[in-house]
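# Structure for this input, please:
(chains A and B, ligands or ions: 2)
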Amino acid sequence: MTHLPTTTPDATAQPSAIPIIIDHVGHIFDVGTPRAHQVLTDITLKLDERRVGIIGHNGSGKSTLIRMLDGLIQPTSGHISVAGHDTVRDAKIVRRHTGFIFTEPDHQIIMPTVREDVAFSLRRSGLDKATIATKVDAMLVRFGLTDSAEKPAHLLSGGQKQLLALAAVLINAPTLLLADEPTTLLDIRNAQMFSDLICELPQTIIMSTHQLALLRDFERVVVFHCGQVVADGSPAEAKAHYLHLMETTSE
Amino acid sequence: MVVLAVVAIIAQRWIPTALAMLAVVVLAYFLAGIRAKTLWLQLRPMLLMSTFIAVLHALSSNWRLAVVVPATILTLVLLAALVTLTTRTTDLVDVIVRLTKPLKRFGVEPERVGLTLLLGIRCVPLLSGIAGQVREAQLARCGIFDVRAFAVPLIVAAIREADAIGEALVARGFDD
Ligand SMILES: Nc1ncnc2c1ncn2[C@@H]1O[C@H](COP(=O)(O)OP(=O)(O)OP(=O)(O)O)[C@@H](O)[C@H]1O
Ligand SMILES: [Mg+2]
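Ligands and ions are numbered 1, 2, ... in the order given. Next up is the predicted model:
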């Protein structure tokens, strides 16, 4: 296991990373039942980078960990803190500062039309209608969704849906963005475009993916295998380890 | 919501009322100037499920329910769709939230009622989407469409999707 905390030298007024501490975290699904199975074992990671990638085979525990960072799943052992807030005790505070992009945009699109869905994010903001409308319009322009504003959201293309999901998340100005395979359902061109778009954001980003090329410019990539961290380093190192893992575990 | 519940309760009783209500809603579509094609688009995804329910009830030798239940479901879906076609969902939910405000003192949370309604609306394309997928998957796998083998994957998929949507809703900050 290697660990190289690479920091970008050209720190040209980039906002600093949101610190995440994962402290001896384990997770057992269906704990206390005959179906109980351990999917994460004793994960300890101190993340201080703005771009962290997570890779690993199907079922290795990537989604489980990312969900835990947003307090959607609670660790069955250990603790996680995001910017100093415990993800169990202060789940609401954590979520207020965090945006989550799911693999399947259909799951997070709630409202019937594009405009309404972006506005939905501000429902609890306490802002008045006019302010919300202005913010939503600006967001739609930013993501090229103005022409589709009144369209039924479920009729958009896959790429547009993921853009809508991102717009609806960013309108709440999160400081941390969690993304669980956000480009898996997109074509190669849209996947690249979407990941470029994400990478230009000022937010701290934790992203899992099977498309290793998308992590090229990430500062740190963690490799999961059977619920454990087996490598942790630069994208090149992680990729090498992952490919090696593939050869040694495929029989 | 309340209207829908009342309609459901009344329609459930007798065949004539169930059919009459369906007719009234269809008529309302034409009065609202909605073209037959739009009406058909709303109906189509539900027809399959209605037929399924009808067959189920007919087999269990209750032909009254075989007519009434599907008719009621169609009426409700069409009614809900009619409102959504003619009103912006946000406005609709806001009205409901405002209307339920007086119930606050009885422990009803208006915002929660609004959210529930939203999820109800969200479920219509969800269910019809899943139903379509299950049907296609069956046709692709065995070339026939077996009504009995329809319910299980439909329900499993619906529950899974509902879970995922619920989780996403929490992630979007609606976590209480
Ligand atoms: N809700 C759940 N209940 C029970 N077991 C689950 C649940 N969610 C995931 N699992 C199990 O946990 C393990 C890890 O799943 P997880 O989704 O975290 O993997 P992943 O690395 O994201 O995989 P993929 O690359 O396929 O997305 C798997 O064995 C899976 O079967
Ligand atoms: Mg996953």
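# What is the least confident helix or strand in chain A?
helix A:105-108 (a mean of 88; mean pLDDT, DSSP states H and E).
# quick one, helices of the chain?
Reading this off chain A. Secondary structure of chain A (DSSP state H): helices at A:62-69, A:91-96, A:105-108, A:114-120, A:129-142, A:158-170, A:188-199, A:235-248.
# that's the other chain; I wanted chain B
So, for chain B - with DSSP H - the helices run B:2-13, B:15-31, B:36-59, B:63-86, B:89-100, B:110-142, B:151-171.
# what would these look like in TSV with mean neighbour count and distance to ligand 1?
(Glycine included, C-beta is placed from N, CA and C.) Converted to TSV, these look like this (neighbours: other CB atoms under 10 Å in any protein chain shown; distance: least, CB to the nearest ligand atom, whole Å):
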stretch	mean neighbour count	distance to ligand 1
helix B:2-13	14	32
helix B:15-31	15	39
helix B:36-59	15	27
helix B:63-86	19	30
helix B:89-100	17	30
helix B:110-142	16	19
helix B:151-171	16	8
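# Please enumerate residues in contact with the least confident helix or strand of chain A?
Helix A:105-108 has contacts (CB atoms under 8 Å, 6 or more residues apart in numbering or on different chains) with A:100-102, A:154, A:158, A:161-162, A:164-165, A:168-169, A:185, B:161, B:164-165, B:167-168, B:171-172.
# Excluding sequence neighbours, find me the nearest residue to A:Asp86.
Among residues not flanking A:Asp86 along the chain, A:His79 sits closest, at 6.3 Å (CB to CB, 6 or more residues apart in numbering or on different chains).
# Enumerate the residues of chain B near chain A.
Residues of chain B lying close to chain A by CB under 8 Å from any CB of the partner chain are B:84, B:88-90, B:118-119, B:121-122, B:125, B:129, B:161, B:164-165, B:167-175.
# and if we set it to 7 Å?
B:84, B:89-90, B:118, B:121-122, B:125, B:164-165, B:167-173, B:175 (CB under 7 Å from any CB of the partner chain).
# relative to its centroid, which residue of chain B is most remote?
B:Arg105 (29.8 Å; CA atoms, centre = their mean).
# Can you check the pLDDT for it?
Looking at B:Arg105, its pLDDT reads 73.
# before we move on, what about B:Val152?
If you check B:Val152, the pLDDT there is 74.
# What of B:Gln133?
For B:Gln133, the pLDDT comes out at 77.
# any idea how far the residue lying closest to it once chain neighbours are set aside lies from chain A?
Counting by CB to CB, 6+ apart, B:Gln133 lies nearest to B:Ala157, which is 7.4 Å off, once chain neighbours are set aside. B:Ala157 sits 12 Å away from chain A, taking CB to the nearest CB, to the nearest Å as the criterion.
# repeat for B:Gln133
Counting by CB to the nearest CB, the gap from B:Gln133 to chain A is 12 Å.
# Kindly report the same for B:Ala71.
25 Å.
# Nearest the geometric middle of chain B, what residue?
B:Val77 (4.4 Å).
# Now for it: which residues touch it?
B:46, B:124 (CB atoms under 7 Å, 6 or more residues apart in numbering or on different chains).
# Walk me through the domains of chain B.
The record's domain parsing of chain B by automatic domain parsing lists B:2-86, B:104-171.
# weakest of those in terms of mean pLDDT?
When I compare the domains of chain B, domain B:2-86 is least confident, with a mean of 68.
# Contact partners for A:Phe194?
By CB under 7 Å, 6+ apart, the neighbours of A:Phe194 are A:162, A:182-183, A:186.
# Quick check: of the residues you listed, which has the highest neighbour count?
Highest neighbour count within the contacts of A:Phe194: A:Gln162, with 29 neighbours (other CB atoms under 10 Å in any protein chain shown).
# mind putting the helices of chain B in JSON lines, distance to A:Leu243 included?
As requested, those are exported to JSON lines (distance: least, CB to CB, whole Å):
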{"stretch": "helix B:2-13", "distance to A:Leu243": "56"}
{"stretch": "helix B:15-31", "distance to A:Leu243": "59"}
{"stretch": "helix B:36-59", "distance to A:Leu243": "45"}
{"stretch": "helix B:63-86", "distance to A:Leu243": "50"}
{"stretch": "helix B:89-100", "distance to A:Leu243": "48"}
{"stretch": "helix B:110-142", "distance to A:Leu243": "34"}
{"stretch": "helix B:151-171", "distance to A:Leu243": "31"}
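# Nearest to A:Val31 among those would be which one?
Ranking those by their distance to A:Val31 (criterion: CB to CB) puts helix B:151-171 first, at 17.9 Å.
# just the angle between the closest one and helix B:110-142, please?
For helix B:151-171 against helix B:110-142, the angle by axes from the mean of the first three to the mean of the last three CA atoms, to 10 degrees is 140 degrees.
# Would you mind listing where the stretch 101-250 of chain A has pLDDT under the threshold?
Within the stretch 101-250 of chain A, the stretches with pLDDT under 70 are A:250.
# For the residue of the stretch 151-251 of chain A found nearest chain B, give its distance to A:Val169.
Residue nearest to chain B within the stretch 151-251 of chain A: A:His154 (5.2 Å; CB to the nearest CB). A:His154 is 18 Å from A:Val169, where distance means CB to CB, to the nearest Å.
# Then A:Ala119?
Applying CB to CB to A:Ala119 and A:Val169 gives a distance of 13 Å.
# Quick check: neighbours shared by those two?
Residues touching both A:Ala119 and A:Val169 do not exist when contact is defined as CB under 7 Å, 6+ apart.
# Give me every residue in chain A lying close to chain B.
Counting by CB under 7 Å from any CB, the residues of chain A close to chain B are A:70, A:72, A:92, A:95-96, A:100, A:102, A:104, A:107-108, A:110-112, A:116, A:119, A:121, A:124, A:154, A:172.
# can we see that at 8 Å?
By CB under 8 Å from any CB, the residues of chain A that approach chain B are A:67, A:70, A:72, A:91-92, A:95-96, A:98, A:100, A:102, A:104, A:107-108, A:110-113, A:116, A:119-121, A:123-124, A:152, A:154, A:168-169, A:172.
# Which among those residues count as buried?
A:67, A:70, A:72, A:91, A:95, A:98, A:100, A:102, A:104, A:107-108, A:110-113, A:116, A:119-121, A:123, A:168-169, A:172 (16 or more other CB atoms under 10 Å in any protein chain shown).
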